[in-house]
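>>> Predicted model and sequence below, questions to follow.
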Amino acid sequence: MPTVDENPLFDADQSTSDSSEASFTSSVDIDVSATNTPPTSVLQTVNIKSHVPVLLKLAEPNYDEWRCFFDTFLSKFGLTSHVSPLPTSIQRCDLECRIIDQCVQSWLYNSISKDVCTIVCSPHAIAYHVWDDIHTQFRYNELHRTVYLESKFRSLV
């Protein structure tokens, strides 16, 4: 079993070396800052299909599964603030915030089918509105969809 002296994470002489404590502290600082939103250059390269393997379709009852994957994805990158409250005017004027918002919006469009996209897609939209329109389409139309599916079921021979 390796001893503390053989562990590459620690210096051989920790009691006299102040630099090992400083390097340990700085590595902890890096880990803590990793919980912040990644830079926009990183976000622009993220492939949404590797994080959200479900394509949201109008005809399939997969909204809950899609939403679970997407919520997890947004939380993983610290981006839930782009879809939960309506952005403030200060956020709308911030260039980096607008770029991140466009990334989220692009991920939304790339994780839904064309029939859903025709319903929720609008020019000059922000991610919050697209997110809200998707939620409205699948949650507030449940009664309408239930009646439609029930009538379709009763017409089966």
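Arrived safely, thanks for sending. Numbers count the residues shown, from 1 in each chain.

>>> Now the helix or strand containing Ile100: average pLDDT?
Ile100 belongs to helix 95-110 when assigned by DSSP states H and E. The pLDDT scores in helix 95-110 average 91.

>>> Just list what it packs against, helices and strands only.
If contacts are counted by 3 or more C-beta pairs under 8 Å, 6 or more residues apart in numbering; DSSP states H and E, helix 95-110 sits against helix 40-43, helix 48-51, helix 63-76, helix 127-139. Placement of C-beta: from N, CA and C, glycine included.

>>> any idea which of the ones you listed is most buried?
Among the helices and strands packed on helix 95-110, helix 127-139 has the highest mean neighbour count (mean count of other C-beta atoms under 10 Å), at a mean of 18.

>>> Of all the helices and strands packed on helix 95-110, which one is nearest Tyr109?
helix 127-139 (7.4 Å; C-beta to C-beta).

>>> can you list contacts of the closest one?
Residues outside helix 127-139 that contact it (C-beta atoms under 8 Å, 6 or more residues apart in numbering): 56, 58, 63, 82-87, 101-102, 104-105, 108-109, 112, 116, 119-122.

>>> Just the buried ones from these?
Neighbour-count burial (16 or more other C-beta atoms under 10 Å) applied to the contacts of helix 127-139 gives 56, 58, 63, 82-83, 87, 101-102, 104-105, 108-109, 112, 116, 120.
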